[in-house]
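S.K.: Next come a sequence and a model predicted from it.
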Amino acid sequence: MENKTPTPERILVFAYGTLRPSLYPGRVKGFDLKKVGDATLYGNFAMLHLGGFPGLVKTSPKLGERTHPDGGSAIVGEVVETNTLAHLDRYEGYPSFYGREQVEVIMEDGRTEHPWVYIFNGDAGSRTVVTSGNWADAMPKRD
């Protein structure tokens, strides 16, 4: 009988804000995230400016300025791989501050992936929409 060591499940997350390795390389080191590649999330989502970080909300496709030919806003991010969601759930305040669901994203090479994404559970109220869909355009400047 062959004894196989189980391999950890490949868990993908669409990082659009403070977990993006290209924007916050020092922060993501502590989470043991491996960048899979750049990706875009299309659909009825909008990115809100929540101060020092963004939040993604479900919304009408008209809020974002960048849209997919089939309609919907384009959210720019990176797909990262992890072996557990527990540490990210704590960081994101899941399930109270952020919810989480699986979505389809298009990788820069054209293939699709189905990562988890964190969705802001708070009141969108009068929050500013990041119309470019890219947190790099709106994030607070670092010295």
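M.R.: Now that the structure is in, tell me what you want to look at.

S.K.: Pull out the buried residues from the lowest-mean-pLDDT helix or strand in the chain.
M.R.: Using mean pLDDT, DSSP states H and E, the weakest-scoring helix or strand in the chain turns out to be helix 25-29, at a mean of 80. Residues residue 28 are the ones in helix 25-29 that count as buried (16 or more other CB atoms under 10 Å). For glycine as for every other residue, the C-beta is placed from the backbone atoms N, C-alpha and C.

S.K.: Using CSV, write out every CA atom in it.
M.R.: Once non-C-alpha atoms are left out, helix 25-29 reads as follows in CSV (Å, rounded to 0.1, in the frame of the first residue of the first chain):
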residue,chain,number,x,y,z
PRO,A,25,5.4,43.8,-0.2
GLY,A,26,6.3,44.1,3.5
ARG,A,27,2.8,43.4,4.8
VAL,A,28,2.1,40.3,2.7
LYS,A,29,5.3,38.6,3.9
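
S.K.: chain center to it: distance?
M.R.: 15 Å (CA atoms, centre = their mean, to the nearest Å).

S.K.: ok, and what's touching that helix?
M.R.: Contact partners of helix 25-29, identified using CB atoms under 8 Å, 6 or more residues apart in numbering, comprise 15, 18-21, 80.

S.K.: and with 7 Å instead?
M.R.: 18-19, 21 (CB atoms under 7 Å, 6 or more residues apart in numbering).

S.K.: how about the strands in this structure?
M.R.: Along the chain, counting by DSSP state E, strands occupy 11-15, 34-43, 45-49, 54-58, 73-82, 98-102, 105-107, 112-113, 116-120, 128-129.

S.K.: Can you tell me the strand partners of the last one and which way each runs?
M.R.: If I follow you right, that is strand 128-129. Strand 128-129 sits in its sheet next to strand 45-49 (antiparallel), going by DSSP bridges.

S.K.: For residue 75, give its distance to residue 20.
M.R.: For residue 75, the distance to residue 20 (CB to CB, to the nearest Å) stands at 11 Å.

S.K.: neighbour-wise, which of the two wins?
M.R.: Shown here are residue 75 and residue 20; by other CB atoms under 10 Å, residue 75 has more neighbours (28 against 25).

S.K.: Tell me the predicted confidence for that one.
M.R.: At residue 75, the model reports a pLDDT of 96.
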